[in-house]
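1. coordinates only, sequence not included:
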């Protein structure tokens with residue numbers, strides 16, 4: 001499980017860079033504003049670039065601190081493995097589906113296949129460890 005955790009953590013780091021370099025945040029904030037115009041009570045936040053990037057980096061650092069546990073005590077990481085693997089697999093699919101809808105690569109789409117592959121690997125390893 002530890003290798004799958006580390007691979008997905010690396011893929012997530014690449015995904016953060018992909019989103020930051022391809023203009024994900026402006027597209028996300030515009031979509032949130034449109035949704036709020038339709039449904040004003042929808043609790044989805046918009047972000048400033050610095051807050052968004054620092055938050056993603058902080059999440060990556062937290063995941064990095066769990067890498068030692070994933071390598072040494074994989075049983076303790078079954079539930080976090082399901083959560084991390086599930087979220088990242090879903091995130092990858094959202095970027096790919098968004099690309100089809102936009103008829104061009106959506107911001108973050110270049111790293112999305114790697115997120116899916118590593119996310120599924122972690123999910124499979126979590127199931128095997130459970």
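-> Cool, got the structure. For clarity, every value in this text was computed on a predicted model and none was experimentally measured.
2. can you pull out the strands in this structure?
-> Counting by DSSP state E, the chain has no strands to list.
3. longest single helix anywhere in the chain?
-> When the chain is parsed with DSSP state H, its longest helix is helix 78-102.
4. for that helix, buried residues please.
-> Under the neighbour-count criterion of 16 or more other C-beta atoms under 10 Å, helix 78-102 has 78, 80-82, 84-85, 88-89, 91-92, 95-96, 98-99 buried. Yep, even glycine has a C-beta here, placed from its N, CA and C like the rest.
5. show me the contact partners of stretch 31-38.
-> For stretch 31-38, the surrounding residues in contact (C-beta atoms under 8 Å, 6 or more residues apart in numbering) are 42, 44-46.
6. about what we covered before: which elements pack onto the longest helix of the chain?
-> On a contact count with 3 or more C-beta pairs under 8 Å, 6 or more residues apart in numbering; DSSP states H and E, helix 78-102 meets helix 2-22, helix 112-129.
7. any idea which of the buried residues of helix 78-102 is the one closest to residue 124?
-> Checking these against residue 124 by C-beta to C-beta gives residue 85 as the nearest, at 8.4 Å.
8. contacts only, for the closest residue to that closest one other than its chain neighbours.
-> If the residues on either side of it in the chain are set aside, residue 85 comes closest to residue 122, at 3.6 Å by C-beta to C-beta, 6 or more residues apart in numbering. Listed by C-beta under 8 Å, 6+ apart, the contact set of residue 122 reads 1, 4-5, 7-8, 81, 84-85, 88.
9. change it to 6 Å
-> 4, 8, 81, 85 (C-beta atoms under 6 Å, 6 or more residues apart in numbering).
10. what's the local residue count around the first one?
-> Spelled out, it's residue 4. 25 (other C-beta atoms under 10 Å).
11. which residue sits closest to the residue positioned nearest the centre of the chain in space, ignoring its chain neighbours?
-> In the chain, the residue lying closest to the centroid (C-alpha atoms, centre = their mean) is residue 88, at 4.1 Å. Leaving aside its sequence neighbours, residue 88 sits nearest to residue 119 (C-beta to C-beta, 6+ apart; 4.1 Å).
12. got it, and residue 13?
-> residue 60 (5.6 Å).
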